[in-house]
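In: 3D, please:
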Amino acid sequence: MKKLVLYTAYIFTMLFIAAGCKKDDSVEKKEESKIVQSAIAGVNGPTSGKVNKTLTFSVVWQNADGTLKFDHLKDSTIATTKIIRLFALTNVTDTLATVKGSNTVSYKFKADSAGTYYLKFYRADNSDKSAIIDTVVIK
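Out: All right, here's what the predicted structure looks like:
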């Protein structure tokens, strides 16, 4: 009988502690981060290169409000045209965000055959009219 009373008291104590640890729902939650395409503002890099040699381009992108963090560059190929888009995380804390204003990341390009290649760096609206196009001749 004494064990039953102690066991019951133990269970009620644990339930009381668990109820006291409940998360406060009145705290305002920040919207979750998501990955969005960001605007590429400028590109600097070589205009010629050699087969199987890596060329590095400096890609400038804007973090106007200071809440973005660079995530990745994504490229796809159509014939001799490379389409490059920049993606960033939104709603990151100030300590994780990239510096407000212009930021620079590197894009590496390597061609496996000689020819003329077109690198299209897209802005956030994804239109050909606003893309920054670099022409690279590989010998």
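In: how many neighbours does residue 1 have?
Out: 5 (other Cβ atoms under 10 Å). Every residue, glycine included, has its C-beta placed from N, CA and C.
In: which residue sits closest to the residue nearest the centre of the chain, ignoring its sequence neighbours?
Out: Centroid-nearest residue in the chain: residue 71, 2.0 Å away (criterion: Cα atoms, centre = their mean). If the residues on either side of it in the chain are set aside, residue 71 comes closest to residue 87, at 4.8 Å by Cβ to Cβ, 6 or more residues apart in numbering.
In: After the lowest-mean-pLDDT helix or strand in the chain, which helix or strand is next?
Out: Every helix and strand in the chain was compared by mean pLDDT, DSSP states H and E; the lowest is helix 2-20, with a mean of 70. Of the helices and strands lying after helix 2-20 in sequence (DSSP states H and E), the nearest is strand 35-38.
In: That next one pairs with which strands, parallel or anti?
Out: Paired neighbours of strand 35-38 in the sheet (DSSP bridges): strand 81-89 (antiparallel).
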